[in-house]
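>>> build me a structure from this.
(chains A and B)
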2 protein chains.
Amino acid sequence: MERARSSSRAYSGKIVSLRVDEVEMPDGRRTTREVVEHPGAVGILPITPEGRIVMVEQYRYAIGRKLLEIPAGTREPDEPADETARRELLEETGYRAERIEEFARFYTSPGWANEEIVLFKALAVGGRGPTPDPDEILRIVVVDPADVPGLMRDGLIADGKTMTAVSLYLAALER
Amino acid sequence: MERARSSSRAYSGKIVSLRVDEVEMPDGRRTTREVVEHPGAVGILPITPEGRIVMVEQYRYAIGRKLLEIPAGTREPDEPADETARRELLEETGYRAERIEEFARFYTSPGWANEEIVLFKALAVGGRGPTPDPDEILRIVVVDPADVPGLMRDGLIADGKTMTAVSLYLAALER
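Purely as a prediction, here's the structure:
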């Protein structure tokens, strides 16, 4: 347990904010903690009736390259996480989610950020094409689970939520 | 591909920095990208000769509670990632890493941060007790792999690097 002795807001933005706290540790020592505040996000692992995984390829400006990821999006105030997941799947891929269920949740970087991602899996049906946000450019890729290890090795699947979701799924740990 | 038209630094800190870029998308439209810059981190999955996983429990100020995690640490300039991993394992747990090898790397939140985590696994030998950093308070917990699903369900294992590492390991996807 660490207690804040003071807190100063360094940045308030569109998606993230940042505060810098002076904290007191249990033994009385003091240290500084930088905390990036994020509203949280959802990811959805969409499995087609044929057992394949619907993913989206998109350019990620923060790292300067494209990644192949499960559909995902930032949490919206007052929207239940499963609704956000359904909506993002539909917007990004055109697939509808049936039998949606939460199967994991995790913090992306608990050492310095409060972002939590809630992971869902669902049966993905339909597929009438995406209607992405204005600042998203997406390509839909339907992946055979057997190809996942190779896509990880090649660095195309390289984000935490997708690795976590597919590896939990492939390890059958999601029950 | 998105090109920066302008970039402004909002914060420069001890571990993270934050910049706000105005970017031009391939179709000419403009948008704003908030980017948290982080030097990157390593995580190490230490397996004892008996097949158990050495973890550390620590309070995470950013999320306000304790988590059970694999040993990890921020990258240091000019220190190879495997050296950082060995050092963090020794400092946090007292175990030495033998047969260390990289088995995955991923971006924690590529939508808004550039942090990359390199995951290693190693045979963990010894265990003479930790010598943590002054701002870390740790408890070592040696976990049976069979207990991992329950620890995830209970929310004690709840960070991306630990979930990814243990699920890749349990799925035997790390080869």
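
>>> what's the following helix or strand after the lengthiest strand in chain A?
Identified as the longest strand of chain A according to DSSP state E is strand A:95-107. As assigned by DSSP states H and E, the chain's next helix or strand after strand A:95-107 is strand A:116-126.

>>> tell me what the closest residue to A:R86 other than its chain neighbours is bridged to.
The shortest distance from A:R86 to any non-neighbouring residue, by C-beta to C-beta, 6 or more residues apart in numbering or on different chains, is to A:A97 (4.7 Å). For every residue, glycine as well, the C-beta is placed using N, CA and C. As for beta bridges, A:A97 partners with A:A124 under DSSP bridges.

>>> and the gap between A:L138 and A:R60?
Distance, A:L138 to A:R60, using C-beta to C-beta, to the nearest Å: 12 Å.

>>> between those two, which one's more packed in?
A:R60 (21 against 18; other C-beta atoms under 10 Å in any protein chain shown).

>>> for the more buried one, which non-adjacent residue is closest in space?
Once flanking residues are discounted, A:R60 sits nearest to B:P110: 4.1 Å by C-beta to C-beta, 6+ apart.

>>> that neighbour touches A:G64, doesn't it?
No. Contact status for B:P110 versus A:G64: not in contact, 9.8 Å apart, counting by C-beta atoms under 8 Å.

>>> so which of those two has more stuff around it?
Set B:P110 next to A:G64 and count neighbours by other C-beta under 10 Å: B:P110 wins out with 26 against 11.

>>> tell me the pLDDT at the more buried one?
On pLDDT, B:P110 comes in at 97.

>>> residues in contact with the closest residue to chain B within chain A?
Proximity of chain A to chain B (C-beta to the nearest C-beta) peaks at A:A171, 3.5 Å away. With contact set as C-beta atoms under 8 Å, 6 or more residues apart in numbering or on different chains, A:A171 has these partners: B:S167, B:L168, B:L170, B:A171, B:L173.

>>> and which of the residues you listed is nearest B:D147?
B:L170 (11.4 Å; C-beta to C-beta).

>>> how much space between the closest one and A:L168?
The value you get for B:L170 to A:L168, if C-beta to C-beta is used, is 9 Å.

>>> so what's the nearest residue to A:E2 once chain neighbours are set aside bridging to?
In space, and not counting its chain neighbours, A:E2 is closest to A:V23: 4.4 Å by C-beta to C-beta, 6+ apart. Going by DSSP bridges, A:V23 is paired in beta bridges with A:A4, A:T31.

>>> so what pLDDT did A:V23 get?
At A:V23, pLDDT is 96.

>>> try A:V141
94.

>>> helix or strand for it, just tell me which one.
strand A:138-143.

>>> tell me the buried residues in the very next helix or strand once past that strand?
Counting by DSSP H and E, the next helix or strand C-terminal to strand A:138-143 is helix A:148-153. Residues of helix A:148-153 classed as buried: A:V148, A:P149, A:L151, A:M152 (neighbour count, 16 or more other C-beta atoms under 10 Å in any protein chain shown).

>>> just checking, what packs against helix A:148-153?
Packing partners of helix A:148-153 (3 or more C-beta pairs under 8 Å, 6 or more residues apart in numbering or on different chains; DSSP states H and E): helix A:160-170.

>>> quick check, A:R87 in a strand?
No. Assigned with DSSP: H, G, I helix; E, B strand; the rest coil, A:R87 falls outside any strand and is helix.

>>> list the contacts for it?
A:G73, A:E79.

>>> please apply the same query to the one 10 residues further on.
With contact set as C-beta under 8 Å, 6+ apart, A:A97 has these partners: A:I44, A:P46, A:A85, A:R86, A:L89, A:L90, A:F120, A:A122, A:L123, A:A124.

>>> so the most far-flung residue of chain A relative to its centre, which of the three states?
In chain A, counting by C-alpha atoms, centre = their mean, A:G28 sits farthest out from the average C-alpha position, at 36.2 Å. Here A:G28 is coil, with the state taken from three-state DSSP.

>>> next one: it relative to A:R5, how far apart?
When A:G28 is compared with A:R5 (using C-beta to C-beta), they lie 11 Å apart.
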